[in-house]
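Enquirer: from the sequence below, what's the structure:
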Amino acid sequence: MTINQKLGIWMDHSEAYITDYSTDFLKTEKFIFEFTHQIREGDMRKSEVTMLHKEKDEQNRYYKKLGEIILKYSDVILFGPTSAKQELHNLLKTNHLFDKIKITVLPADKMTEIEQQLFVKNFFQ
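Expert: I've put the predicted structure just below:
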C-alpha cells in the first residue's frame with residue numbers, strides 16, 4: 001500500500017466512480033451500491049420498517065467499502081450531485097484512521113467518466 005496518492009470519488013447514493021490520480025494515466029472504476037429497486041419493492045411488501053433497516057445497513061456497508069479504499073490515499077476529493085459525499089465525509093471524520101487524510105468535499109453535477117477524470121485532474125493540478 002502506497003501512501004501520498006490522490007483519489008477522486010464522484011458519488012451519489014447508488015454508485016461511485018473512483019478515479020486514481022496517482023499516475024499519469026487516470027484509472028476510473030465503478031462501484032455500485034447494492035440495494036436495488038427490486039430489493040426495495042420486495043421488502044416493502046414485508047414491512048416498511050424492515051426495508052428501511054435493510055437499506056440503512058446496505059448504505060453503511062457502501063460507505064464502509066469506500067472508506068476502506070480511501071485509507072490507501074493521502075489526498076481525496078469527494079464530489080457529486082447528492083448529499084452522499086457529505087454523509088460519507090461526516091462518517092469518516094468520526095474515525096481517527098482518517099485523521100491524516102486530506103478530504104475535500106465539492107458539489108458537482110452528473111458527469112461522464114471523462115468529465116469526472118478532468119474534474120479530478122484539474123483539482124489536483
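
Enquirer: and the nearest residue in space to residue 73 that is not next to it in sequence, which helix or strand is it part of?
Expert: Nearest residue to residue 73 in three dimensions, chain neighbours excluded: residue 7, at 4.2 Å (C-beta to C-beta, 6 or more residues apart in numbering). Using the backbone N, CA and C atoms, a C-beta is placed for each residue, glycine as well. Residue 7 belongs to strand 6-11 when elements are defined using DSSP states H and E.

Enquirer: name every strand pairing with that strand and say which way it goes.
Expert: The pairing partners recorded for strand 6-11 under DSSP bridges are strand 15-20 (antiparallel), strand 75-80 (parallel).

Enquirer: what's the least confident stretch among these?
Expert: Least confidently modelled of the strands paired with strand 6-11 is strand 15-20, at a mean of 94 by mean pLDDT.

Enquirer: that one: which residues count as buried?
Expert: Along strand 15-20, the positions that meet the burial threshold by neighbour count (16 or more other C-beta atoms under 10 Å) are 16, 17, 18, 19, 20.

Enquirer: closest one to residue 123 out of those residues, please.
Expert: Of all these, residue 19 has the smallest distance to residue 123: 10.2 Å, by C-beta to C-beta.

Enquirer: which residues lie in contact with that closest one in this structure?
Expert: Residue 19 is in contact with 7, 8, 9, 10, 26, 27, 28, 116, 117, 120, counting by C-beta atoms under 8 Å, 6 or more residues apart in numbering.

Enquirer: and with 7 Å instead?
Expert: Contacts for residue 19 (C-beta atoms under 7 Å, 6 or more residues apart in numbering) come out as 8, 26, 28, 116, 117, 120.
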